[in-house]
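Q: I'll drop the sequence and a predicted model, then ask my questions.
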Amino acid sequence: MTDVYEHVHDPIARAVIESAADAIVAVDQKHRVTVWNPAAERMFGWPAREMIGRVPPIVPDELKAEQNAVHERLLTRRAGEGEGGQISIATRRFHRDGRLIDVRIDTSLLKDPDGTLLGWVGVYHPVDDDEIVQHHMTERARLVRRLNDIVADLGAELDLAVVLDRITAALIELTGADAGGFVRIEGERLRLVSMSGLPERMRGTSAELRPSLVGELLRSGKTVKLATGERRLGDLIWSELSGLHTIALGLSYLQNRPYGALYALFSGRKVGHTELELLELLAGHAGVAVGNAVAYAEVVRQRAHERAVIDSSADGIAVLDHDLVVRHWNHSAHTLTGIPPEDAIGRPLPFDMPALGEELTFRLESGTWLNVLAAEIEETGELVVDFRDVSEAKALEEAKDLFLATTSHELRTPITVVQGFASTLVNRWDEMADTDRRAAVATIAERAQSLGRLVEHLLLGSRAGADELTVTIESFDLTRVLEGVVAGFRSLSPLHRVELDVEPALPSCRGDAMATDIVLGQLLENAFKYSPDGGTVGVRARWEASGIVVTVSDEGIGIPLGDHERIFERFVQGDAGDRRRFGGIGLGLYIVKRLTEAQGGTISAHPAQRAISHIETPQSPSKGTPSVDLGDMERTTRPLSVTERHGPADGAWAGEGTCMRLVLRAAP
């Protein structure tokens, strides 16, 4: 009480002031409150903590002169008569709620034990004769105002745990209960989620709903209940409160369903109807406050879920406010555009936005193609812009266009030749010499063979692209396959010399002999095609730690820098420089790569002077079913050795051409 009764040093006097039925208000010489006892709180409605140190706003403007006159008269008496005295007047004062109340004020000088003037003290008596009624009304008004303050405070709080703790604290404050708690209804059980005045170890305690007081209250159809008697209370968890004699509880509802109950526990004072009324009101308001907190928690959870989905999305996502300013920029948006969140948030979208419901496809300065969609969140008025990288689809679309144009050209030439020679034979058969007829038929056969190879490539490419290409894994003689392929190509071109170098006692290979034959044939065909001036085409097979290594090298035009991996993609034709003049539909090496990987090997391309392109097969083959679907085999690669990087020591592969390296698995 030191802060309230600053100048009252006698504890007995303090106790008298605090327990006085009449309002006692003391002010200093500047009319600032120094004493404001509980009766003053009840009479005027302002708590002491709000009044100490300030001029009390209880005097109407028209009565301030009256108050000044009383104070001046008391000072005059003190000066002239020595002892001062007391002045009693009947007047009116403001209540906190704005109404005027009739009071009688006994005003005296306030001084310390040495006689030094400290101010004035007034004892206020209500004019109404029924002081009990007056006190009841004052107290009720105070409680109602306090309840309103508490409700406003609860409404502003959105953390559920804090809301429940404040409800429990407010319950004790308003009802004077010795302890309190809030239990939540969870199915067929109750759980203590908030408490005050009880051991902390009780938090989280649960009990069955049906035999509990809450169960009885639910079955009664009422909202508040009063329970007394040791027999009924001794077995409950609340018996932890020593001397417990009465429990009051009220139900709290959330969306018209019982959510929990508020308990007020009394071990000292008695409980009256006022306490029950306050409990019922507070429990009702608690349901509203809990509902707000639960709804807010759900919104936060939903927002967190949405944010997690947005942040983990492979698409770039930007959220814009009403002013079309970016408020959220996920990780993928940063990755796709190169713009970090700190440079995007708070600014307009860094690219054009399509109309709602429409798509916009455009290319960034970086070369990335974006497909952009925009949608509105009607509830918030925000806009969500979704954009994804479609560069690969764009490249595939362009490749398909090129493929169709190239295929048309590749088909047109042999068909035209076949049609021309066939027409000549039909129309001029008798006029042509036998040698000319044979040459025409040979040309038709050669062009038909070209058409057959082209169609075969188209079919294989289609199956490989759909992952439907299968190979049979078994042991076979790789040396025999190599000799057969090389023998077939040695007679095709007088400009090319094909050399075969196979290590003696080369082990058997584990894979698909037919698929390997196709792979080697395509590699030799490419070696011939891209070395139009002729030269040596070397085929070499060795056993190394990684498996059986087969290399195919030529002395042709080589592969443009940066295209050594790209040439194995579908529809890529190595169209840099002079390579375009060699035609093709860009499926040969794509099929080679897929057939090789289906056998568990790898293939790559390198400049002939620097490295050897290869198909690699793991050293230890896995045993399994004889038929392996494309993509099921495990791929392995390894760094190239010094010999592989720079070519053989004897310089057999010197030149500017291309070197392919194939590594196949050896049979166990």
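A: Yep, it's here.

Q: Just the endpoints, please. Distance across stretch 108-115?
A: 13 Å (Cα to Cα, to the nearest Å).

Q: Poorly predicted segments of the stretch 401-550 of the chain, please.
A: Along the stretch 401-550 of the chain, the model assigns pLDDT under 70 to residues 401-414, 416-417, 450, 453-471.

Q: What are the boundaries of the helices in it?
A: 434-465, 478-490, 513-529 (DSSP state H, counting those that start in this stretch).

Q: hey, which of the ones you listed is tucked in deepest?
A: helix 513-529 (a mean of 21; mean count of other Cβ atoms under 10 Å). C-betas here are computed from N, CA, C, even on glycine.

Q: Would you mind stating the distance between residue 372 and residue 314?
A: 15 Å (Cβ to Cβ, to the nearest Å).

Q: Of the two, give the one with the bigger neighbour count.
A: Neighbours per residue, other Cβ atoms under 10 Å: of residue 372 and residue 314, the larger number sits with residue 372, 21 against 12.

Q: hang on, the more buried one in a helix?
A: No - under DSSP: H, G, I helix; E, B strand; the rest coil, residue 372 sits outside any helix and is assigned strand.

Q: Tell me the secondary structure at residue 352.
A: Residue 352 is classified as coil under three-state DSSP.

Q: that older thread, residue 243: which of the helices of the stretch 401-550 of the chain is closest?
A: Across those, residue 243 has its closest neighbour in helix 434-465 (84.9 Å, Cβ to Cβ).

Q: if we can go back for a sec, same list (the helices of the stretch 401-550 of the chain) but as TSV, adding distance to residue 49.
A: Shown next, in TSV, are the helices of the stretch 401-550 of the chain (distance: least, Cβ to Cβ, whole Å):
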stretch	distance to residue 49
helix 434-465	81
helix 478-490	97
helix 513-529	92
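
Q: Mind checking the ones you listed for the one nearest to residue 549?
A: helix 478-490 (10.8 Å).

Q: among the helices of the stretch 401-550 of the chain, which is nearest residue 605?
A: Each of the helices of the stretch 401-550 of the chain has some distance to residue 605 by Cβ to Cβ; the shortest is helix 513-529, at 9.6 Å.

Q: the inter-axis angle of that closest one versus helix 478-490?
A: Going by axes from the mean of the first three to the mean of the last three Cα atoms, to 10 degrees, helix 513-529 is angled at 40 degrees with respect to helix 478-490.

Q: picking that back up, and the helices of the stretch 401-550 of the chain: which comes nearest residue 556?
A: helix 513-529 (6.9 Å).

Q: from the middle of its chain, how far away would that closest one be?
A: 51 Å (Cα atoms, centre = their mean, to the nearest Å).

Q: what helices or strands is it leaning on?
A: strand 474-476, helix 478-490, strand 496-502, strand 535-544, strand 547-553, helix 588-598, strand 658-666 (3 or more Cβ pairs under 8 Å, 6 or more residues apart in numbering; DSSP states H and E).

Q: Quick check, pLDDT for residue 552.
A: Note on residue 552: pLDDT of 93.

Q: before we move on, what about residue 342?
A: At residue 342, pLDDT is 90.

Q: ok, residue 269 to residue 247 distance?
A: For residue 269, the distance to residue 247 - Cβ to Cβ - is 14 Å.

Q: Residue 57 now?
A: 41 Å.

Q: With neighbour numbers in mind, choose between those two.
A: A count of neighbours by other Cβ under 10 Å puts residue 247 above the other of residue 57 and residue 247, at 23 against 12.
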